[in-house]
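Enquirer: Sequence plus predicted model, see below.
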Amino acid sequence: MDKRSCWFAFLCLLLAVNISLVGYMHFRKELTRKLENKMELTNMEIKEKESSIIHFESALENSKKLMSTTETEVTDLQDEIKKSAIDQENKAKQVKDCQNSVENLRTENGIKEKEETDNHDNYAALQAKWSETINGLKQQLNERSQLCEHVKNATEVREHCPPIKTS
């Protein structure tokens with residue numbers, strides 16, 4: 001073979017190798033571009049997920065604060081309920097004591113009214129008796145005594161005797 005034909009084959013081979021290398025480089029460049037795009041998408045997804053995680057952590061922290069506040073409020077409300085129950089028991093006891101006191105006062109009032117009625121009845125009976133006695137005594141004073149009838153002429157005695165009523 002001749003030198004020229006060897007050179008030609010060598011040049012063809014060299015050209016084929018160059019074309020292959022250019023194709024391989026183009027393939028690698030395309031593959032690198034696809035990997036870069038994929039990495040950009042992955043980085044964007046990672047940033048989005050990090051943002052979601054940060055948002056979730058913030059929401060979780062707010063929820064914890066809200067839960068703590070709610071627990072505090074619930075505890076305060078339970079304390080107020082206990083105080084209110086104690087106050088209600090005290091008020092119920094006061095009402096019961098007041099009702100008992102009212103009943104006692106009503107009983108005492110009934111006793112006093114009965115005593116007053118009895119006293120009034122006794123007073124009325126005594127008053128009637130005394131009025132009868134007074135009327136009897138007045139009648140005796142207005143009547144001439146038998147002694148005065150017996151001594152008709154004695155002037156001294158007549159002064160002490162009431163005049164005779166003629167009716």
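Expert: Noted; the coordinates are in hand.

Enquirer: all contacts plus neighbour counts: C-alpha atoms, from now on.
Expert: Fine.

Enquirer: Could I get the pLDDT score of residue 141?
Expert: Note on residue 141: pLDDT of 72.

Enquirer: how far away is it from residue 127?
Expert: Distance, residue 141 to residue 127, using Cα to Cα, to the nearest Å: 20 Å.

Enquirer: quick one: the helices in the chain?
Expert: Per DSSP state H, the chain carries helices over the ranges 3-142, 146-150, 155-160.

Enquirer: can you tell me which residues contact residue 65?
Expert: By Cα atoms under 8 Å, 6 or more residues apart in numbering, the contact list for residue 65 is empty.

Enquirer: Kindly provide the distance from it to residue 71.
Expert: Counting by Cα to Cα - residue 65 and residue 71 are separated by 10 Å.

Enquirer: Residue 13 too?
Expert: From residue 13 to residue 71 the distance is 83 Å (Cα to Cα).

Enquirer: And residue 87, by the same measure?
Expert: If you measure residue 87 against residue 71 using Cα to Cα, the figure is 24 Å.

Enquirer: now residue 10
Expert: Taking Cα to Cα, one finds residue 10 at 87 Å from residue 71.

Enquirer: How about residue 102?
Expert: Residue 102 is 46 Å from residue 71, where distance means Cα to Cα.

Enquirer: Show me the shaky parts of the chain.
Expert: Within the chain, the set of residues satisfying pLDDT under 70 comprises 1-2, 144-167.

Enquirer: let's see 90
Expert: Residue ranges of the chain with pLDDT under 90: 1-14, 108-109, 112-128, 131, 134-167.

Enquirer: residues touching residue 19, list them.
Expert: Contacts of residue 19 were listed using Cα under 8 Å, 6+ apart, and none were found.

Enquirer: mind checking how far it is from residue 29?
Expert: 15 Å.

Enquirer: for residue 50, same thing?
Expert: For residue 50, the distance to residue 29 equals 31 Å [Cα to Cα].

Enquirer: With residue 124 instead?
Expert: Distance of residue 124 to residue 29, given as Cα to Cα: 137 Å.
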